[in-house]
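Participant: give me the fold of what follows.
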Amino acid sequence: MATATEARLDQLPYALLATIMTKLDVASICSLSSTCSTFRSCAKHILSFLPNFHLIDIAPSGDLLTPLLPPNPYMKSLKVDCDRLDDSAISYLVKPSLHELSLFNCSDFSGKLLSEIGTQCKDLRSLYLGSVAEKRGRAIHISDLEELLTGCSQLEVLILMFDVSLFLRQNLARVWASASEKLTSLEIGYISSVTVIELFSSNMGSHQPPNPIQPSILPGILKLCLSVNYITDAMVATISKGLIFLTHLDLRDAPFVEPRITFDLTNAGLQQINQLGRLKHLSLIRSQEFIICYFRRVNDLGLLLMADKCANMESICLGGFCRVTDTGIKTLLHSCSRLYKLKVTHGTQLSDLVFHDISATSLTLTHVSLRWCKLLTNHAVLSLTSNRELKVLDLRDCRSLGDEALRAIGVLLKLKILLVDGSDITDAGLSYLRPTVINSLYALSLRGCKRLTDKCITILFDGCGKLELRDLDLSNLPNLSDNGVLQLAKSRIPFLDLRMRQCPLIGDTSIMALASMMTDDAGWHESGLRLLDLYNCGGITPLAFRWLKKPYFPRLKWLGVTGSVNRDMVDALARSRPFLYVACDGEELGPDPCDMSDGLYTHDYDEVDEFEQWLLEGDINTDDEEMDDAENVEELIM
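Facilitator: Next comes the predicted model:
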């Protein structure tokens, strides 16, 4: 049969096959090439002129990646997860023809990666580099950054997601002065606020002669995103004066200690922001990653002073402003007629009054996030839902919200993301999402809603038909059991991400049900899950690991389990599925839905399953035998 099929394929015009295959992603091309010699020959050929090479859903080894990246003078875009690569991969990742290059998880690369990109990629327009040289023994020198900035003279977008404060400060301003004049978007993973001031000051530093005054560095920047140690008055003033064309400003800090007034943001500093009124997007976030810390020197007056220049604002995100009350936020809402996105986190003074008269404004809000705003109640949600165009609603950790909030949300027919973690909702309250809202949702999070039981699954999904829901979070539900997951499996909803961490009644039966889950009426039995988080589920035993082996869950990329269940079996599973990220320490997996809300949370997944990867790997028996051995040992112990 295979020979007859191959013969028929041989009769198709080669150009037609090549044209069709160039429309596929890289993983699908590899999968198709494994089916017959005709496709294999065609795939080998098109890899030499494919314009886009994106492989970010798995982290390929050098041996796997090398044959997929032959010399290709036509490649314009390259995106790769480099978690299993090092400097030896630079020669085939860095191509002179590239206009776009995105390299994620580059912790085992040295600064040579930057210098080689600057030397080879003269036509590069967009560059993303993540976690460069974060492994011990790797380093980046200031000369590497200088070669990158000098060589890539056409750069328009530069994203360096690592700590650039490692460079010598006295040389950094001089190096950045050689950056592309076309650069309009800059994002840096970490940089000190003092260095930011030096970079964007009106001259190159005190060592320069007073005349003539040098122009500011990177004056054409429109979008600036920085993570710093402290957001300070001096820093925001320098940015506002030095980058006069700025339309997008995103600043985030995470202090280790409570900042002194000279290293903090005050009302005076807030008044310096957006003096020319050009900003469309503003984000000022104080993270509580290390200590509980707020912008204690900003109150409503600061927002009142800033609001006068905010007529063009479309997006405002404020985090950690503990002294800002309803008055300050209402001022922004009434001043920004174009506002579509509002995000407030740790709004400790925010109450229902903030949205009391929102229907009197001309606002058309589509994205609203109000996280850790403990004073908000159902009345705030009722007022907020007068904006019927809402697509994203994040109400996580607003613990006073209950079923009446869900009743109000039930009128939002365009809602795509709903996050109500930690609220006081019940099973009965979820019925308000039927039959309309549940049909439009892409992501739903019920994490920590402790009054929910197995009945919530039936109420939400029984007889609901085909849904768009792809991301469901049922974590930390003490009353959710295997019976609820069995009902979920019967719903046949083709989830991509399913989180059920910290559920003490979830056990092996749930994994078996999900592994065997049918997702359509045609009888397709393969689970389409990309992410499954079962960390600290009380009923998981070593038996469950048999159902996590191949060929079950063929598309799984992220798995969260408790390593102490059986460390040998966890390690054997990780070895048998090298492209599966197995997390055992309780870390969160995958993206935060609300952080991706601008794109309405459409995953940028490559269509690839594990079967395709096995075909690329070759010999797959060794690690399966290891896992079987681990199982045998477990049986002897039991």
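Participant: can you get me a residue count around residue 261?
Facilitator: 11 (other Cβ atoms under 10 Å). Glycine gets a C-beta too; all of them are placed from N, C-alpha and C.
Participant: what about the closest residue to it other than its chain neighbours, how many neighbours?
Facilitator: Ranked by Cβ to Cβ, 6 or more residues apart in numbering and with sequence neighbours excluded, the top spatial neighbour of residue 261 is residue 297, at 6.5 Å. Using other Cβ under 10 Å, the number of residues around residue 297 comes to 17.
Participant: for residue 297, phi and psi?
Facilitator: When read as degrees, to the nearest 10, the backbone of residue 297 gives phi -100, psi 10.
Participant: swap in residue 557?
Facilitator: phi -120, psi -30.
Participant: from residue 580, how far off is the closest residue to it other than its chain neighbours?
Facilitator: Among residues not flanking residue 557 along the chain, residue 530 sits closest, at 5.0 Å (Cβ to Cβ, 6+ apart). To residue 580, residue 530 is 10 Å away according to Cβ to Cβ, to the nearest Å.
Participant: overlap of the contact sets of the two?
Facilitator: Common neighbours of residue 530 and residue 580, counting by Cβ atoms under 8 Å, 6 or more residues apart in numbering, are 556, 557, 558.
Participant: coming back round to it: give me the more crowded residue out of residue 530 and residue 580.
Facilitator: residue 530 (22 against 19).
Participant: the more buried one reaches residue 558, doesn't it?
Facilitator: Yes: Residue 530 lies in contact with residue 558 (Cβ atoms under 8 Å); the separation is 6.9 Å.
Participant: three-state assignment of the closest residue to residue 256 other than its chain neighbours?
Facilitator: Leaving aside its chain neighbours, residue 256 sits nearest to residue 290 (5.2 Å; criterion: Cβ to Cβ, 6+ apart). Of the three states, residue 290 takes coil under DSSP: H, G, I helix; E, B strand; the rest coil.
Participant: neighbours of residue 290, just the number please.
Facilitator: Residue 290 has 10 nearby residues by other Cβ under 10 Å.
Participant: so it is in contact with residue 229, correct?
Facilitator: No: using Cβ under 8 Å, residue 290 and residue 229 do not qualify as a contacting pair, with a distance of 10.4 Å.
Participant: now the common contact residues for the two.
Facilitator: Shared contacts of residue 290 and residue 229 (Cβ under 8 Å, 6+ apart): 254, 255, 256.
Participant: lowest-scoring secondary structure element of the protein by mean pLDDT?
Facilitator: Among the helices and strands of the chain, helix 610-617 carries the lowest confidence by mean pLDDT, DSSP states H and E, at a mean of 41.
Participant: for residue 342, list each beta-bridge partner.
Facilitator: residue 316, residue 368 (DSSP bridges).
Participant: now it: how far from residue 136?
Facilitator: From residue 342 to residue 136 the distance is 42 Å (Cβ to Cβ).
Participant: comparing these two, which residue is more hemmed in?
Facilitator: More neighbours surround residue 342 than the other of residue 342 and residue 136, with 25 against 7 (other Cβ under 10 Å).
Participant: so the more buried one sits against residue 314, correct?
Facilitator: No: judged on Cβ under 8 Å, residue 342 makes no contact with residue 314 at a distance of 10.4 Å.
Participant: sketch out the low-pLDDT regions of this structure for me.
Facilitator: 1-11, 168-170, 202-216, 518-526, 564, 593-638 (pLDDT under 70).
Participant: quickly list what's touching both of residue 530 and residue 558.
Facilitator: Shared contacts of residue 530 and residue 558 (Cβ under 8 Å, 6+ apart): residue 590.
Participant: what segments of the stretch 201-350 of the chain are strands?
Facilitator: 223-228, 248-253, 281-286, 315-319, 341-345 (DSSP state E, counting those that start in this stretch).
Participant: and these as CSV, adding distance to residue 449?
Facilitator: As requested, the strands of the stretch 201-350 of the chain are exported to CSV (distance: least, Cβ to Cβ, whole Å):
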stretch, distance to residue 449
strand 223-228, 32
strand 248-253, 28
strand 281-286, 26
strand 315-319, 23
strand 341-345, 19
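Participant: nearest to residue 30, of these?
Facilitator: Set against residue 30 and scored by Cβ to Cβ, the strands of the stretch 201-350 of the chain come closest in strand 223-228, at 34.4 Å.
Participant: so what secondary structure elements neighbour that closest one?
Facilitator: Helices and strands touching strand 223-228, by 3 or more Cβ pairs under 8 Å, 6 or more residues apart in numbering; DSSP states H and E, are strand 185-190, helix 193-200, strand 248-253.
Participant: list the pairing partners of that strand within its sheet, with orientation.
Facilitator: In the sheet, strand 223-228 lines up with strand 185-190 (parallel), strand 248-253 (parallel) (DSSP bridges).
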